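Asker: Got a predicted structure here, sequence first:
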There are 2 protein chains.
Amino acid sequence: MREVFQQDLAEVQTGLVGLSQQVLDAMRNATAAMAHSDISLAEQVISDDIRIDEETARIDDLTVEILLLQAPVARDLRFIISTMRIGASLERMGDLASHVAQLARLRFPEFVGPEDLRASFLRAGELCIAQAEKVHRLLDTEEEALIDDIIDSDDEIDNLHKEVLDSLTAHGDQGEAPSLQIVDATLANRYFERFSDHCVSIARRMRYLQSGVAPESPSA
Amino acid sequence: MREVFQQDLAEVQTGLVGLSQQVLDAMRNATAAMAHSDISLAEQVISDDIRIDEETARIDDLTVEILLLQAPVARDLRFIISTMRIGASLERMGDLASHVAQLARLRFPEFVGPEDLRASFLRAGELCIAQAEKVHRLLDTEEEALIDDIIDSDDEIDNLHKEVLDSLTAHGDQGEAPSLQIVDATLANRYFERFSDHCVSIARRMRYLQSGVAPESPSA
């Protein structure tokens, strides 16, 4: 029985690692689709998102089964609870990558947002991809150094997010960019920021898993 | 032992009902703060959000304790799992209400967004408040009719969300609204839409609780 249980836990972990790879691919493709106004790549991200949702649901069912049949305790219970939260974050990250791809598809053959912000969005995408890569490695190896790494890199995305927002609001005074581009850029900016927030939230969950200290506590 | 367990479950439910009341108040106040450019009300929403986070963490700890000490099965386990997800949605709804209030505070003594969209945002806020009221009642009474009610009312918010987006992008071509107002309105529009999405997600969780059919399944 105990051995079956460990196999189940391993299957859940393997599932999460695979899911984080799907999400990483989604953000990589969404960023490229946006940078090059590549509609077929954008459509691929959007249709692949269904697989991310399905895989999340499968892992979710597995965790419920483990809770039901095995009644795990201590670290195993923390692992299962963390899994449920991390799965929810990964699913949402997939949605956000899909939202970025939807903007690219919507504007094709034009680009998303004002021209002078294109480099910033490419940079935001690259930062998100780098974070998602670390999340993927963290789920695979549980290497503790990655946790701080992910949390620290959020600052750069936050700063970039603020820069873009400042630039967008400055834009309007000069009346240069059409409103459609401002709306798109505001949304894209937010999608990247939220994606990064979820990476941080996963990193905090992994710390909880290792330390047993809940990340929702006011001190977190 | 069994009796203590039922008391614990009841405490979790009472906690969620209280939390949904806090979130309802937050959205009510945030909408009013935005509609009247009321900075003190906006600041109250922002500072009250910490209490929502703390209460979510308290309920979360309680559910983990129940999982650990009681190893619930069947409907009790579904209840606990639903609780964790519903708590996460309520916490996020509190964040979104706080984001609306932050926009109101940021623009004080001006208003958020272009003048001709003010009525739409008031309407979006009212729809969110009505949905949050139903969520509150649903968590309290588990009355099944409320589930469809909440899910159905999402359409109206989605339509309004689309209308505002269309109006915002039309705006720019005439060059009427400054970019700052377009950015703000794009964000406010999204906050209301996401708030409503979470209400729907809670309603689906409650259906899962009643039926045992997972809301994440592809057919959902």
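Answerer: Received it, and whenever you're ready, just let me know what you need. Numbers count the residues shown, from 1 in each chain, chains lettered A, B, ... in the order given.

Asker: List phi and psi for residue A:72.
Answerer: Main-chain torsions, residue A:72, degrees, to the nearest 10: phi -70, psi 160.

Asker: tell me the contacts of residue A:73?
Answerer: For residue A:73, the contact set (Cβ atoms under 8 Å, 6 or more residues apart in numbering or on different chains) comprises residue B:68. Quick note: C-beta positions are derived from backbone N, CA and C, even for glycine.

Asker: For the nearest residue to residue A:39 once chain neighbours are set aside, grab the count of nearby residues.
Answerer: Spatial nearest neighbour of residue A:39, excluding adjacent residues (Cβ to Cβ, 6 or more residues apart in numbering or on different chains): residue A:108 at 4.2 Å. When neighbours are defined as other Cβ atoms under 10 Å in any protein chain shown, residue A:108 has 16 of them.

Asker: Does residue A:108 touch residue A:42 like I think?
Answerer: Yes: the criterion here is Cβ atoms under 8 Å, and residue A:108 meets it with residue A:42 at 7.1 Å.

Asker: ok, now which ones touch residue A:118?
Answerer: Neighbouring residues of residue A:118 by Cβ under 8 Å, 6+ apart: A:35, A:111.

Asker: Which helix or strand lies directly C-terminal to the helix or strand of chain A with the lowest mean pLDDT?
Answerer: Every helix and strand in chain A was compared by mean pLDDT, DSSP states H and E; the lowest is helix A:145-174, with a mean of 89. Using DSSP states H and E, the helix or strand that follows helix A:145-174 in sequence is helix A:179-211.

Asker: Against which helices or strands is that next one packed?
Answerer: Where contact means 3 or more Cβ pairs under 8 Å, 6 or more residues apart in numbering or on different chains; DSSP states H and E, helix A:179-211 is packed against helix A:74-107, helix A:118-141, helix A:145-174, helix B:145-174, helix B:179-211.

Asker: In that helix, which residues are buried?
Answerer: A:179-209 (16 or more other Cβ atoms under 10 Å in any protein chain shown).

Asker: Stretch A:43-51 now?
Answerer: A:43-46, A:48-49.

Asker: Contact residues of chain A facing chain B?
Answerer: Residues of chain A lying near chain B by Cβ under 8 Å from any Cβ of the partner chain: A:50, A:53-54, A:56-57, A:60-61, A:64, A:67-68, A:71, A:73-74, A:77, A:81, A:84-85, A:88, A:165, A:168-173, A:175, A:177-183, A:186-187, A:190, A:214, A:216-218.

Asker: Filter the residues you listed down to the buried ones, ChimeraX style.
Answerer: The buried residues among the residues of chain A next to chain B can be selected in ChimeraX (16+ other Cβ under 10 Å) with this line:
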select /A:53,56,57,60,64,67,71,77,81,84,85,88,165,168,169,171,172,177,178,179,180,181,182,183,186,187,190,214,216
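
Asker: Please list all residues in contact with the most centrally placed residue in chain A.
Answerer: Note on chain A: the residue nearest the mean C-alpha position is residue A:93, at 3.3 Å, using Cα atoms, centre = their mean. Applying Cβ under 8 Å, 6+ apart to residue A:93 gives the contacts A:23, A:26-27, A:132, A:195, A:198-199.

Asker: how far away is it from chain B?
Answerer: 15 Å (Cβ to the nearest Cβ, to the nearest Å).

Asker: any idea how far stretch A:41-52 is from the chain center?
Answerer: Distance, stretch centre to chain centre, for stretch A:41-52: 14 Å (Cα atoms, centre = their mean, to the nearest Å).

Asker: Residues contacting it, please?
Answerer: A:19, A:22-23, A:25-26, A:29-30, A:32-34, A:90-91, A:94-95, A:97-98, A:100-102, A:104-105, A:108, B:218.

Asker: and if you look at stretch A:199-206?
Answerer: Contacts for stretch A:199-206 (Cβ under 8 Å, 6+ apart): A:82, A:85-86, A:89-90, A:93, A:128, A:131-132, A:134-135, A:138-139, A:142, A:146-147, A:150-151, A:154, A:215, A:220.

Asker: Go again with 6 Å.
Answerer: Contact partners of stretch A:199-206, identified using Cβ atoms under 6 Å, 6 or more residues apart in numbering or on different chains, comprise A:82, A:85-86, A:89, A:131, A:135, A:138, A:147, A:150-151, A:154, A:215.

Asker: Of these, just say which sits nearest to chain B.
Answerer: residue A:85 (7.5 Å; Cβ to the nearest Cβ).

Asker: about what we covered before: how about the helices and strands packed on helix A:179-211 in JSON lines, adding distance to residue A:7?
Answerer: Listed next are the helices and strands packed on helix A:179-211 as JSON lines, based on distance: least, Cβ to Cβ, whole Å:
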{"stretch": "helix A:74-107", "distance to residue A:7": "13"}
{"stretch": "helix A:118-141", "distance to residue A:7": "18"}
{"stretch": "helix A:145-174", "distance to residue A:7": "26"}
{"stretch": "helix B:145-174", "distance to residue A:7": "37"}
{"stretch": "helix B:179-211", "distance to residue A:7": "27"}
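
Asker: Which one, of those, ends up nearest to residue B:124?
Answerer: helix B:179-211 (4.0 Å; Cβ to Cβ).

Asker: Now do the closest one, average pLDDT.
Answerer: Confidence over helix B:179-211 (mean pLDDT, whole number) is 95.

Asker: contacting residues around residue A:148?
Answerer: Per Cβ under 6 Å, 6+ apart, neighbours of residue A:148: none.

Asker: Go again with 10 Å.
Answerer: Applying Cβ atoms under 10 Å, 6 or more residues apart in numbering or on different chains to residue A:148 gives the contacts A:203, A:207.

Asker: Of the buried residues of stretch A:43-51, which is the nearest to chain B?
Answerer: The closest of the buried residues of stretch A:43-51 to chain B turns out to be residue A:49 (Cβ to the nearest Cβ; 12.1 Å).
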